[in-house]
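K.L.:
I would like the atomic coordinates for the input below:
(chains A and B)
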2 protein chains.
Amino acid sequence: MKKIIFTLFVLSSAVTLHAQTNPEITLLPVPKSISLQGGTFTLKSDFKVSVKANQTDSILYQAVNRAFQTLNRRTNLYFEQQRITYKDSSDNSTFIIRVKQKASVTLNQDESYQLKITGKDISLNAVTTTGALRGLETFLQLLQSNASGFSLPQLTIEDAPRFVWRGLMIDVARHFIPLDVVKRNIDAMAAVKMNILHLHLSDDEGFRVESKIFPELHKKGSYGEYYTQAQIRELVAYARQRGIIVVPEFDMPGHTTGFLAAYPQLASAPGPYEPGPRFKRSGKKLGLMDIMTLIQTTPTPAFDPSKESTYTFLDKFIGEMANLFPAPYLHIGADENNGVSWKNNPEIVAFMKKNKLEDTHALQAYFVKRVSQILQKHHKQTAGWEELLSKDLSKNVIVQVWSDSSYLRKAIKQGNPVIISKGFYLDLFMPASVHYNNGLIPSSAPSNILGGEAALWAEAVDKDNMETRAWPRTAAIAERLWSPSSVKDSEDLYLRLFSVSNQLDEIGLQHRSNYERGLRRLTGGEDIIPLKTLTDVLTPIKGYKKLFAKMTAPLSHTYQTAPLTRVSDIVFVDSEIKRSFRRTIGNYLNHKEANALQILQEQLAQWKENYPHLEALINRHAMGNEVAVHAKNLYEAAQIGLEILAKLKTNETLSPEWIKQKQEALNSLKKADGEVELAIIPEIEALLNQKLAPEPLDYPLF
Amino acid sequence: MKKIIFTLFVLSSAVTLHAQTNPEITLLPVPKSISLQGGTFTLKSDFKVSVKANQTDSILYQAVNRAFQTLNRRTNLYFEQQRITYKDSSDNSTFIIRVKQKASVTLNQDESYQLKITGKDISLNAVTTTGALRGLETFLQLLQSNASGFSLPQLTIEDAPRFVWRGLMIDVARHFIPLDVVKRNIDAMAAVKMNILHLHLSDDEGFRVESKIFPELHKKGSYGEYYTQAQIRELVAYARQRGIIVVPEFDMPGHTTGFLAAYPQLASAPGPYEPGPRFKRSGKKLGLMDIMTLIQTTPTPAFDPSKESTYTFLDKFIGEMANLFPAPYLHIGADENNGVSWKNNPEIVAFMKKNKLEDTHALQAYFVKRVSQILQKHHKQTAGWEELLSKDLSKNVIVQVWSDSSYLRKAIKQGNPVIISKGFYLDLFMPASVHYNNGLIPSSAPSNILGGEAALWAEAVDKDNMETRAWPRTAAIAERLWSPSSVKDSEDLYLRLFSVSNQLDEIGLQHRSNYERGLRRLTGGEDIIPLKTLTDVLTPIKGYKKLFAKMTAPLSHTYQTAPLTRVSDIVFVDSEIKRSFRRTIGNYLNHKEANALQILQEQLAQWKENYPHLEALINRHAMGNEVAVHAKNLYEAAQIGLEILAKLKTNETLSPEWIKQKQEALNSLKKADGEVELAIIPEIEALLNQKLAPEPLDYPLF
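P.N.:
The predicted structure is shown next:
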């Protein structure tokens, strides 16, 4: 297979790069400004680093050593320098790092840096250690290699983020994500300059933090799967060392079965409660409207906001957690409480009447206000999902918009700080380009938009597929939030995205390994190549379809213990092969590139010739029924592609009738099966129509 | 590529299996007795588990749930049962587990179990939970699949271990191995029924445990890389849940730079001390004798055994660690103290004279005695490497034989319990068959041989290659220590070893992923197949050659920060492709198997045809010089193989002259380069000589 050459077309910089004349640069996120001088700096084993900073700045020294070792390992140069300490401050080193201030754990710190690479030395200057951390990641992304060795391009980069809140939310409640996996996500976030790790720590399915004051919470709320306080401290320190703030979320008043399993007396309806999905599915086939009705009318577990004991409990609980998580922000969820449990409870109804709370929305606003006051007492700024917005909401409460964009307008109008997650939901299986083109991020943003957050809900995500679900797609969101708004070309993004994917793989992310491990599980350890040739171009059905299929499937599919090891659970959302195939088709159709036709032919032939091998594999394994339809479809799509190429080669005109017939055939190959679809049909259609149609900016959710 | 069919030829059982007539069974370790009834038990989504045991036995319930979920994930059956609790005790379940006693953390507990599978149900009976854990692993290894689904063979297994000490030692001092990696090793150990994890926690290169009493130890002895006490507790609990005892080792009186960096006043020679390799290499080229002389004559850091303050310190320190590690054993190392530092210190010499200690051996015996008394006070049985053996050694001290087999004889004679590690050193890059045929494990062992331990020293091992170094080879040692002595056929072992390797990969071990990740690092993310086709048949040079090369290389190669990312650092010690190729050659030469010649031809052609692709890759990357020689050699070896096959096909007699010429060519291809060698030359030679020579039972260390 051809290696794709990744190139950065720098859009908002002093100099525009062209692949033909310049070294390949694959920075992601694209910096604010970059100026290339031509020529390179050559790395040798005498490469030596100096740091000029506060000698007690352990975060800086650790980060410099990490970057140095990544470079050492990637180049195999066996650097003579072993470790960089405060004693290494010579003016004659090849790489000098200058930092004025230590890092802090707040949003409002200077993250800018300047990186300058000449033929003989490199300098990185930053006001804060956090800025230096961002600059070190840029430095590592600039490494280039060829047969004669390793180098960096001569250039000057001036960089700073566009938004101060560049987050990833991981739902560790629906499926528990162990510490090492979360740490790897922190590594990945740091590589693309994100700064907020939002952990969704409690929900109906589980409560995931050890509480010393209320140990029943983790004992009864977690099935034994929770973070100890020691682990939380370890995680917070690990994140801090990488310039990342951990923001905990304890969802309330709804999504609280995790709490209520331990303390049913806090609930609006009598217990007992057991952690699990909020809707007990009947196993009946449900349509979209049935599901919507279910969501609106089912009494769902919720705190009782009318009892003082609820607030007494929360004061103690939040006090403990406020101490455990040093970030000045705490997220209280406040989403998707349909109020039915409240309306069903006469005491709560009486409380509403007495307090002139006209509906359950007003009651929720009351609850949010009380809880925000508790947070304030514990020196935390409140954050919550959009439903916590009300007219009287305190101006310093952060509103996270996830579903209804009218909340964005309202929050901006009310002057509340906003985080945008609508359009950044990773669990909707949307291609990176969709998130990248998120229309809610305006080209010139009002000042109270703090930034955004990728969100990974975990109904169909567990420790083994979460990295494949999150990466590299999250990097597209990271760029949207860091780079200037003028950086917006999806094709260019994709050129760099898979390069970042390699970089993350190299530092230990498991997105690729877990995918391949999942394939080996399906083949019982047999050679996966025939299966992988197919699954490399299979992508999960987009939107809520997979989740709803899970909800309406037999009961056992909805449990947290349901295995997530099917093809639809393990394949990537963005197919790298599809992107490469598409680019080649573009090169052929739009640029008449000489060897494009040959490359296309080889790819199509590979798919076609793979079929008998895959068929044999299918006939030996139980997983066969999962991929049999698509195996045949890929064969047929490749066959159609080859037929088109044969005609094009002989300059035969494609008759409208022939085109129509093939189009119909392709339409039937588009159909989803086993919750995945063949990703390369639009490209075969492009060949058929001799026109590469633009990709949708978004896809339906239902 | 052909899939290898793994088959167990059960050697010590009621029924001998033949691949032709029986389902494939790939148990490793082979059980004590197995009786096949024919037919299978079919797994369906209504598979249901009951447990009849003490309802507070959380280790058992957790293990049963883990096994159940592994099965759920592997089969994708979406079992209707979600979690198994004490409420699940029906007599009508498809799988019933009966246990009488909870697990303990001592050696002397019953690990036996009986597993019975009929066409309609399964039962697992064990005296202790630990026995049940072993039986659950057997149960998982029995899973079979084909296109129609999943099943288990009908059989009865009676099983119990041969030795009570079946250990793996990991040196986490020379390179720190993070918690998640150690946990994965515990998973792997549990899968092959090992029960002792021996952690080498301190050495010259580092001190790796947080001490609350002496915090300078981890602060000055670890470069920030150590386990917190919370992590140790987590690890010990994790191991215990899997029937594994964690035995900590704090090496003393030598190998103590990690201690002395914090407390130089405990040393025999003045400080300061800094953690690092014990010999400061000059970078000069050293021969074997030079190195031996260096080892014997260099003053090496050691505790001062003449000062009471040393014992006062050790009493407090061991008291703390004895509390942290609940196992009743504690390992004090006591190896490789050459006594030079002692002889150089007049006060120590005076102490020896005063106490009538005639040489440094006697002084070491005195030190060991004092420390053992301290251990006894803290309720720990002492273990140590062979050098701690002396005439007056207390009879309950465990002697671990690693180098000189005369210590084995002496220890047996003195009646001390013995652990055998000589022949089980994983860092010597020996094939699994060498460890499997370890001559020191007698066919009928004296009762004071407790068992053995695989040992992974970490001069050239770090978190990223340790799993590739340890697995699957350690499984061969696990079988040697568990199975009856009559189970000893290496070819049969290899048939099952790679099946276990797949099983370990499936549960999350990184031995394969890290190898492939390492290759991707070398190709900068480019398709690794051309490189992997070569590296799949490259193995590290055997014995101490690689370590000594490191010792005599330029200074920077000996540091702990030296990268371990070269081809020689990442390839497996046992080549799966070599084993498969060798087996096919055996099938051809010994059994005249019909399609063997065709398979050989395809394999040789694959190697030959790979060369241009690999050459192109080499020409684009700095790693090229690491593999260029072997790339060409594999091409030439394949070419010779194909020439032989061509002659065999036409029944042409190979003339002695032609054979001689080709043998000379092959001899030149055998040469190591870049610390790796081509593993398949003996097989090409077998083709040439029409005779498969037996493999060496051992290889030279130097």
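K.L.:
Which of the helices and strands in chain A ranks last by mean pLDDT?
P.N.:
The least trusted helix or strand in chain A, going by mean pLDDT, DSSP states H and E, turns out to be helix A:545-552, with a mean of 78.
K.L.:
Would that helix count as contacting chain B?
P.N.:
No. If you take C-beta under 8 Å from any C-beta of the partner chain as the test, helix A:545-552 misses chain B, and the best it gets is 10.5 Å. Every residue, glycine included, has its C-beta placed from N, CA and C.
K.L.:
try stretch A:264-273
P.N.:
No. Interface with chain B: stretch A:264-273 contributes nothing (C-beta under 8 Å from any C-beta), its closest point being 14.3 Å away.
K.L.:
Check which residues of that stretch are buried.
P.N.:
For stretch A:264-273, the neighbour count (16 or more other C-beta atoms under 10 Å in any protein chain shown) marks A:264, A:266, A:267, A:268, A:269, A:273 as buried.
K.L.:
Relative to residue A:279, which of these is nearest.
P.N.:
residue A:273 (14.2 Å; C-beta to C-beta).
K.L.:
Can you tell me the closest non-neighbouring residue to that closest one?
P.N.:
Excluding the flanking residues, the one nearest residue A:273 by C-beta to C-beta, 6 or more residues apart in numbering or on different chains is residue A:260, at 4.0 Å.
K.L.:
Number of residues surrounding the one you found?
P.N.:
Per other C-beta atoms under 10 Å in any protein chain shown, the neighbour tally for residue A:260 reads 26.
K.L.:
show me the residues around it that make contact.
P.N.:
Applying C-beta atoms under 8 Å, 6 or more residues apart in numbering or on different chains to residue A:260 gives the contacts A:266, A:267, A:271, A:273, A:301, A:303.
K.L.:
min pLDDT across the residues you listed, which one?
P.N.:
Across the contacts of residue A:260, the bottom pLDDT score, 92, is held by residue A:271.
K.L.:
That one against residue A:264, yeah?
P.N.:
Yes. Between residue A:271 and residue A:264 there is a contact under C-beta atoms under 8 Å: 2.8 Å.
K.L.:
Residue A:688 versus residue A:660, what's the distance?
P.N.:
Residue A:660 sits 10 Å away from residue A:688, going by C-beta to C-beta, to the nearest Å.
K.L.:
Over to residue A:425?
P.N.:
33 Å.
K.L.:
Chain B contacts on the stretch 351-500 of chain A?
P.N.:
A:464, A:499.
K.L.:
phi, psi of whichever residue of the stretch 351-500 of chain A sits closest to chain B?
P.N.:
Closest residue of the stretch 351-500 of chain A to chain B, C-beta to the nearest C-beta: residue A:499 (7.0 Å). Main-chain dihedrals, residue A:499, degrees, to the nearest 10: phi -70, psi -40.
K.L.:
residues touching the most centrally placed residue in chain A, list them.
P.N.:
Most central in chain A under C-alpha atoms, centre = their mean is residue A:474, positioned 3.3 Å from the mean C-alpha point. Each residue near residue A:474 by C-beta under 8 Å, 6+ apart is listed here: A:168, A:188, A:189, A:192, A:194, A:426, A:454.
K.L.:
of those, closest to chain B?
P.N.:
For the contacts of residue A:474, the nearest to chain B is residue A:188 (14.5 Å; C-beta to the nearest C-beta).
K.L.:
What angle do helix B:179-191 and the helix or strand encompassing the closest one make with each other?
P.N.:
If you go by DSSP states H and E, residue A:188 is part of helix A:179-191. Per axes from the mean of the first three to the mean of the last three C-alpha atoms, to 10 degrees, the angle that helix A:179-191 makes with helix B:179-191 is 140 degrees.
K.L.:
what bits of chain A have low per-residue confidence?
P.N.:
Scanning chain A for pLDDT under 70 picks out A:1-23, A:280-283, A:555-556.
K.L.:
What is the neighbour count of the residue lying closest to residue A:184 once chain neighbours are set aside?
P.N.:
Leaving out its chain neighbours, the residue that sits closest to residue A:184 by C-beta to C-beta, 6+ apart is residue A:509, at 5.4 Å. Neighbour count for residue A:509, taken as other C-beta under 10 Å: 24.
K.L.:
and residue A:98, that one's in a helix?
P.N.:
No. Under DSSP: H, G, I helix; E, B strand; the rest coil, residue A:98 falls outside any helix and is assigned strand.
K.L.:
now whatever residue of the stretch 201-350 of chain A ends up closest to chain B, what's its secondary structure?
P.N.:
Residue of the stretch 201-350 of chain A nearest chain B, by C-beta to the nearest C-beta: residue A:230 (3.4 Å). For residue A:230, the assignment made with three-state DSSP gives helix.
K.L.:
ok, now which ones touch the closest residue to it other than its chain neighbours?
P.N.:
Counting by C-beta to C-beta, 6+ apart, residue A:230 lies nearest to residue B:230, which is 3.4 Å off, once chain neighbours are set aside. Residues counted as contacts of residue B:230 (C-beta under 8 Å, 6+ apart) are A:228, A:230, A:231, A:234.
K.L.:
element containing residue A:235?
P.N.:
helix A:229-241.
K.L.:
Next, the angle from that helix to helix B:229-241.
P.N.:
130 degrees.
K.L.:
Can you mark which positions in helix A:229-241 are buried?
P.N.:
So, applying 16+ other C-beta under 10 Å, buried residues of helix A:229-241: A:229, A:231, A:232, A:233, A:234, A:235, A:236, A:238, A:239, A:240, A:241.
K.L.:
repeat for stretch A:41-56
P.N.:
A:41, A:43, A:47, A:48, A:49, A:50, A:51, A:52, A:53.
K.L.:
And stretch A:602-612, by the same measure?
P.N.:
Of the residues in stretch A:602-612, those with enough neighbours to count as buried (16+ other C-beta under 10 Å) are A:603, A:604, A:607, A:608, A:610, A:611.
K.L.:
what's that stretch in contact with?
P.N.:
A:1, A:530, A:533-534, A:537, A:577, A:581, A:584, A:631-632, A:634-635, A:637-639, A:641-642, A:645.
K.L.:
now do 6 Å
P.N.:
A:530, A:533, A:581, A:634, A:635, A:638, A:641, A:642 (C-beta atoms under 6 Å, 6 or more residues apart in numbering or on different chains).
K.L.:
from these, which ones fall inside helices?
P.N.:
Those of those mapping onto helices are A:530, A:533, A:581, A:634, A:635, A:638, A:641, A:642, per DSSP state H.
K.L.:
ranking those by neighbours, who comes first?
P.N.:
Using other C-beta under 10 Å as the neighbour criterion, residue A:641 leads these with 26 neighbours.
K.L.:
thought that one was touching residue A:686?
P.N.:
No. Residue A:641 is beyond contact range of residue A:686, at 10.2 Å (criterion: C-beta atoms under 6 Å).
K.L.:
neighbours around residue A:358, how many?
P.N.:
Residue A:358: 10 neighbours (other C-beta under 10 Å).
K.L.:
How about the one 4 residues further on?
P.N.:
Residues lying near residue A:362 (other C-beta under 10 Å) number 16.
K.L.:
Thank you kindly, that will do.
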